[in-house]
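In: sequence unavailable; structure follows:
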């Protein structure tokens, strides 16, 4: 391993920091599961427990397949590399959000007034008084 002294980069040794790596990856809590995935699995278990108590055995086994599929999708499926719940909320917001933007036109009189003010401001900047002109000519004569 190559050792490079701190003074070579003109950086004090006390200014070196460890830069975190892989900050976009979630921490694994239990085995290969992250905290969110574990939460979805606990939620699935709770819903299945409630359906076990409410339904008879045959209805429970019929209903547990879609429940497990839905919660499994929320836990593990990532469309466009984002969680499924974020994807669904973004889709719902997109469907109900208005798609048209109406341009608010400035009335012509106000627009013309703004243009005139800009032109006047530019003309005022270009004006030089006679006193300044004589002062500049005196400075130029003294420089010879």
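Out: Structure received. In this text the structure is predicted, and so the values were computed from the model without any measurement.
In: how far does the worst-scoring helix or strand of the chain on mean pLDDT sit from the chain's center?
Out: Least confident helix or strand, the chain: helix 108-126 with a mean of 76, by mean pLDDT, DSSP states H and E. Its chain's C-alpha centre and that of helix 108-126 lie 39 Å apart, by CA atoms, centre = their mean, to the nearest Å.
In: immediately after that helix, which helix or strand?
Out: Under the assignment DSSP states H and E, the closest C-terminal helix or strand after helix 108-126 is helix 130-142.
In: tell me what that following helix is packed against?
Out: Packing partners of helix 130-142 (3 or more CB pairs under 8 Å, 6 or more residues apart in numbering; DSSP states H and E): none among the helices and strands. All C-beta atoms are positioned from the backbone trio N, CA, C, and that covers glycine.
In: for residue 70, the count of nearby residues, please.
Out: Applying other CB atoms under 10 Å, we find 14 residues neighbouring residue 70.
In: so what touches stretch 41-59?
Out: For stretch 41-59, the external contacting residues (CB atoms under 8 Å, 6 or more residues apart in numbering) are 33, 60, 63, 64, 67, 68, 71, 72, 75.
In: out of those residues, which are buried?
Out: 33, 63, 64, 67, 71, 75 (16 or more other CB atoms under 10 Å).
In: for the first one, what are phi and psi?
Out: By that I understand residue 33. Backbone torsions for residue 33, taken as degrees, to the nearest 10, come to phi -100, psi 140.
In: great, nothing more from me.
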